[in-house]
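Undergrad: coords please:
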Amino acid sequence: MERLPNYPPKKTTSPLQLTALLAAAGLFFAWERAYFLLAFAALFLLSRRKYLFLLPLGVAFLYGHFIFPPPGIPPLQRETKVLRARLETPLEEASFSKRGKVRLLPTGEKAVFYFPRRLSLSPGQVFEAEVRLKSPRSALNPFAPDFSRLKRARGIKWIGSVKKILRLGPIREVNPLSALRERLFSFAKGLSPPARGLFEALVLGSKRNLPEPLKETFSRLGIFHFLAISGLHLALLLGLVSLLLKGIFWCWPRPLLALTFKQWLILAATPPLLLYAYLSGPTPSALRALLMFLLWGGALLFLRELSGFDLLALTVLLILLWQPEAVGSYSFRLSVSAVWALFLFKEKAGPFLAKGRGLSRYLKEGLGYAAAASLATLPWLLALKGYASPWAPLTNLLALPVFGFFVLPLELAAALLAPFKEEFAASLAEKAALVTNLPPLDLPQLTPPFPLGASLIVLFLPFSLAILKGKKGLKWGIPASLALGTFFSVTYGSLSYILVLDVGEGSAALAKVEGHRALLFDAGPRWGRFDAARLVVLPTLKKLSLSPSTVVISHFQADHAGGLETLREEYPEMAVLSPQSPENALRGKSWRLFLFRAPGFRSPNEASLVSLLEISGIRVLFPGDIGKKRERLLLKEEISADVLILPHHGARGSSSYPFLKKVSPKLALSSARSVKHPAPQTLRRLAKLEIPHASTKEHGAASVFWEGKRLWLCLEDERRKRPLLLRALWPYLKVGCHPLPAAPQDAY
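TA: Next comes the predicted model:
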């Protein structure tokens, strides 16, 4: 029996919760430029006469506004330098190289370097190398997270590609945990691909080698978080220690005379939890969970109670004091939202659920807690992936005992035994990987009914009114939300636009036609592990509530057709048009598509399938990777267009003067990321002909809207500089857009 204190534990006060909430909100508003939400929060505090709490809200907002890097694309800096640096982490396998975090010497700046695969370096190794540097840059597409901005906020100034090592220096500051991580990474290479990916994910915090089908299956089941080390895994480890300790005290209860069971649990669990958290990288989510455990345990050791919302509030406050940029991390947002929902559910429904026993109680509590966490994390999951699994409550209920009593114990045992009994450890890791033998599942998912920003506004409107007016606000908020949702749905059905996606050095564009249908032009590149269709095209389609009826593949090279297989897996009914297809034209309610082939060319670039889309009187030309030879052939066709996607990403061997004059576009767009695209020669020709140009390399995704014959160009980097509410209402509002000068013939 536990020994209880002789007096009631002291509780912290509720102002801590409100202070932490407002500090987090202020930083979040600064990160997202959510000025309307800032005003809403300030008015709410004033209406409740909580004037003092305006201070943490305002100070946090101003501090975040000052320290956070601005949204958008940083200046494109590319240079080759000879640098001296120290490797901070073990090298991990990337698509065509090895990847590791380094610290530049003597400045101390952080960077991520990509090394040749043949190279072997250990953490702490000092080296001098010739490095090609560039600024961190992630794909900027509508409603997509900007991961490079978070890297810059965390001090990672450069991404470098090591051309050659000039000199190796001594290994300094050898960290035993880094050496152990390197040893375990080496051990993992000898496992089968599924076992390696699972071992590295659950022990070392690296998901780079998880098979894509496994990640997709777990994501659709709503249990992907089981593959990312977080508070869940530390809680499972704590549960294992608790079971072991209960077994010991069942046989030998004498130690309970000195300390309570929970105090012994804290003392026994702290070393393995510390080891596990730091062995994982440490991952930010593991560190957050570890901090929460240490705060709870430290308070309990001194017979004070710190739990529930007070514990979460203090944890969040300390994290944001240490790393204010954490508010930009979706991992932080997901974990805080999930834990908050669990505490709220326990407070509201815990007494009712505690009435049951055994299996029935586990089922009720498990489903309830999982449903609460799923609802709380829904907005962030939609923003990350464009969909969320409705099956999460049930699948989490089933997965928890499997991972808690089978997978995680086997993986941790394999990690402990790997340095001594490698064969036995490998057999344990392979047994744990049996959980990956799940068949591909095509389960329906929750997706936004219209563009993501508007969908979230409709979702949050009743809750916002309820915060201000209580039950009366909720009563009015639900019908208002339904009316607003109907308006958004009807308006979006009649809206048309062109969107050139930011997919790096490659090509993928979409045209929204009637209803929620879209035409795709090329499928994006696929280089090694980078699949633009999976990472960019599919999430964007889902966030924009679009379903592609047809994809036009200009030619079968990796930068244009690499993502086709992924798209066909997701949309098996989608028609595919290519240079080998017999069709010459397609027609819809408000659009026509004309296709131009040239089978006589040997070069796949010159033989690209050229597409001319006419939609609502606007013509857009998609020429693929054609060069000047094919352009001369096209001069015989009627290819005039309002918008031209530059051939071959704007390469100097295309976009000739005769071709540009024949097309006579009001706007030229290029999809590229390479240094040589678009070429200076091409840009000079466009400038001489006074054709406006925008590139995904400089602006991210570019979209085109029209009113009659008047064109509007919307650039993603400009949209991201606008306040959150305005950004959320794109494409209903032309945010980050400017009108193009009308041609003389269009003025009448």
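
Undergrad: hang on, isn't residue 191 packed against residue 429?
TA: Yes. Contact status for residue 191 versus residue 429: in contact at 5.5 Å, counting by C-beta atoms under 8 Å. From N, CA and C alone the C-beta is placed, and that goes for glycine too.

Undergrad: With neighbour numbers in mind, choose between these two.
TA: Neighbours were tallied for residue 191 and for residue 429 using other C-beta atoms under 10 Å; the higher tally belongs to residue 429 (28 against 20).

Undergrad: The more buried one: which element?
TA: Element membership of residue 429 [criterion: DSSP states H and E] is helix 422-432.

Undergrad: Now do that helix: everything it contacts.
TA: 187-188, 190-192, 195, 198-199, 202, 406-407, 410-411, 413-418 (C-beta atoms under 8 Å, 6 or more residues apart in numbering).

Undergrad: can we see that at 7 Å?
TA: If you take C-beta atoms under 7 Å, 6 or more residues apart in numbering as the criterion, helix 422-432 is touched by 187, 190-192, 195, 198-199, 407, 410-411, 413-414, 417-418.

Undergrad: of the residues you listed, closest to residue 84?
TA: Nearest to residue 84 among the contacts of helix 422-432: residue 187, at 31.1 Å, using C-beta to C-beta.

Undergrad: start to end distance for stretch 593-611?
TA: End-to-end distance of stretch 593-611 (C-alpha to C-alpha, to the nearest Å): 7 Å.

Undergrad: Give me the mean pLDDT for that stretch.
TA: The predicted model assigns stretch 593-611 a mean pLDDT of 90.

Undergrad: Show me where the stretch 601-748 of the chain has its strands.
TA: Here the stretch 601-748 of the chain has its strands, by DSSP state E, counting those that start in this stretch, at 610-615, 618-622, 643-645, 667-670, 693-695, 702-707, 710-715, 737-739.

Undergrad: Residue 329 is nearest to which of the ones you listed?
TA: For residue 329, the closest of these is strand 710-715, at 25.7 Å, according to C-beta to C-beta.

Undergrad: That closest one packs against which elements?
TA: Where contact means 3 or more C-beta pairs under 7 Å, 6 or more residues apart in numbering; DSSP states H and E, strand 710-715 is packed against strand 702-707, strand 737-739.

Undergrad: how about 10 Å then?
TA: In terms of contacts (3 or more C-beta pairs under 10 Å, 6 or more residues apart in numbering; DSSP states H and E), strand 710-715 is packed against strand 497-500, strand 667-670, strand 693-695, helix 696-699, strand 702-707, strand 737-739.

Undergrad: Just want the angle from that strand to strand 618-622.
TA: If you take axes from the mean of the first three to the mean of the last three C-alpha atoms, to 10 degrees, strand 710-715 sits at 50 degrees to strand 618-622.

Undergrad: how about strand 710-715 as PDB, C-alpha atoms only?
TA: The C-alpha coordinates for strand 710-715 follow below in PDB (Å, rounded to 0.1, in the frame of the first residue of the first chain):
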ATOM      1  CA  ARG A 710      -8.400  40.800 -67.100                       C
ATOM      2  CA  LEU A 711      -5.800  38.600 -65.600                       C
ATOM      3  CA  TRP A 712      -4.600  38.600 -61.900                       C
ATOM      4  CA  LEU A 713      -1.300  37.100 -60.900                       C
ATOM      5  CA  CYS A 714      -1.100  35.700 -57.300                       C
ATOM      6  CA  LEU A 715       2.300  34.900 -55.900                       C
END
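
Undergrad: So in that sheet, which strands flank it, and in what orientation?
TA: Counting by DSSP bridges, the strands paired with strand 710-715 are strand 702-707 (antiparallel), strand 737-739 (antiparallel).

Undergrad: Identify all contacting residues around the last one.
TA: Residues outside strand 737-739 that contact it (C-beta atoms under 10 Å, 6 or more residues apart in numbering): 692, 703-707, 710-715, 718-719, 730-731.

Undergrad: how about the strands in the stretch 51-200 of the chain?
TA: So, for the stretch 51-200 of the chain - with DSSP E, counting those that start in this stretch - the strands run 78-87, 92-93, 98-105, 110-115, 125-134, 156-171.

Undergrad: I'd like the ones you listed as JSON lines, with mean neighbour count, mean pLDDT and distance to residue 378 appended.
TA: Listed next are the strands of the stretch 51-200 of the chain as JSON lines, based on neighbours: other C-beta atoms under 10 Å; pLDDT from 0 to 100; distance: least, C-beta to C-beta, whole Å:
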{"stretch": "strand 78-87", "mean neighbour count": "15", "mean pLDDT": "87", "distance to residue 378": "40"}
{"stretch": "strand 92-93", "mean neighbour count": "17", "mean pLDDT": "80", "distance to residue 378": "31"}
{"stretch": "strand 98-105", "mean neighbour count": "19", "mean pLDDT": "89", "distance to residue 378": "32"}
{"stretch": "strand 110-115", "mean neighbour count": "20", "mean pLDDT": "90", "distance to residue 378": "31"}
{"stretch": "strand 125-134", "mean neighbour count": "18", "mean pLDDT": "89", "distance to residue 378": "36"}
{"stretch": "strand 156-171", "mean neighbour count": "15", "mean pLDDT": "83", "distance to residue 378": "30"}
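
Undergrad: could I get those as TSV with distance to residue 515?
TA: Listed next are the strands of the stretch 51-200 of the chain as TSV, based on distance: least, C-beta to C-beta, whole Å:
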stretch	distance to residue 515
strand 78-87	43
strand 92-93	44
strand 98-105	43
strand 110-115	43
strand 125-134	41
strand 156-171	41
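
Undergrad: Could you list the buried residues of the following helix or strand past the helix holding residue 429?
TA: Downstream of helix 422-432, the first helix or strand assigned by DSSP H and E is helix 452-469. The neighbour-count check on helix 452-469 (16 or more other C-beta atoms under 10 Å) flags 452, 453, 454, 455, 456, 457, 458, 461, 462, 464, 465, 466 as buried.

Undergrad: Nearest to the spatial middle of this structure, which residue is it?
TA: Closest residue to the average C-alpha location of the chain: residue 384 at 4.6 Å, with C-alpha atoms, centre = their mean.

Undergrad: That residue and residue 334: what is the separation?
TA: The gap separating residue 384 from residue 334 is 8 Å, by C-beta to C-beta, to the nearest Å.

Undergrad: can you list residues touching both of those two?
TA: The contact sets of residue 384 and residue 334 overlap at residue 377 (C-beta under 10 Å, 6+ apart).

Undergrad: Just the mean pLDDT for the longest helix belonging to the chain, thanks.
TA: Longest helix in the chain, counting residues (DSSP state H): helix 358-385. Helix 358-385 comes out with an average pLDDT of 87.

Undergrad: and that helix, what other elements does it pack with?
TA: Packed next to helix 358-385, using 3+ C-beta pairs under 10 Å, 6+ apart, are helix 212-221, helix 330-353, helix 392-402, helix 452-469, helix 538-543.

Undergrad: To residue 280, which of those helices lies closest?
TA: By C-beta to C-beta (comparing all of the helices and strands packed on helix 358-385), the closest turns out to be helix 330-353, at 12.7 Å.

Undergrad: how about the CA coordinates for the closest one, as CSV?
TA: Only the C-alpha atoms of helix 330-353 are listed here, as CSV (Å, rounded to 0.1, in the frame of the first residue of the first chain):
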residue,chain,number,x,y,z
TYR,A,330,3.7,21.4,-36.2
SER,A,331,5.1,18.8,-33.9
PHE,A,332,4.8,21.2,-31.0
ARG,A,333,1.3,22.2,-32.0
LEU,A,334,0.1,18.6,-32.4
SER,A,335,1.5,17.4,-29.1
VAL,A,336,0.3,20.4,-27.0
SER,A,337,-3.2,20.2,-28.6
ALA,A,338,-3.4,16.4,-28.0
VAL,A,339,-2.3,16.7,-24.3
TRP,A,340,-4.6,19.6,-23.7
ALA,A,341,-7.5,17.5,-25.1
LEU,A,342,-6.6,14.5,-23.0
PHE,A,343,-6.6,16.6,-19.8
LEU,A,344,-9.9,18.3,-20.8
PHE,A,345,-11.5,14.9,-21.5
LYS,A,346,-10.3,13.6,-18.2
GLU,A,347,-11.7,16.6,-16.3
LYS,A,348,-15.1,16.5,-18.0
ALA,A,349,-15.7,12.8,-18.6
GLY,A,350,-13.2,11.0,-16.3
PRO,A,351,-15.6,10.5,-13.3
PHE,A,352,-18.2,8.9,-15.6
LEU,A,353,-15.8,6.6,-17.4
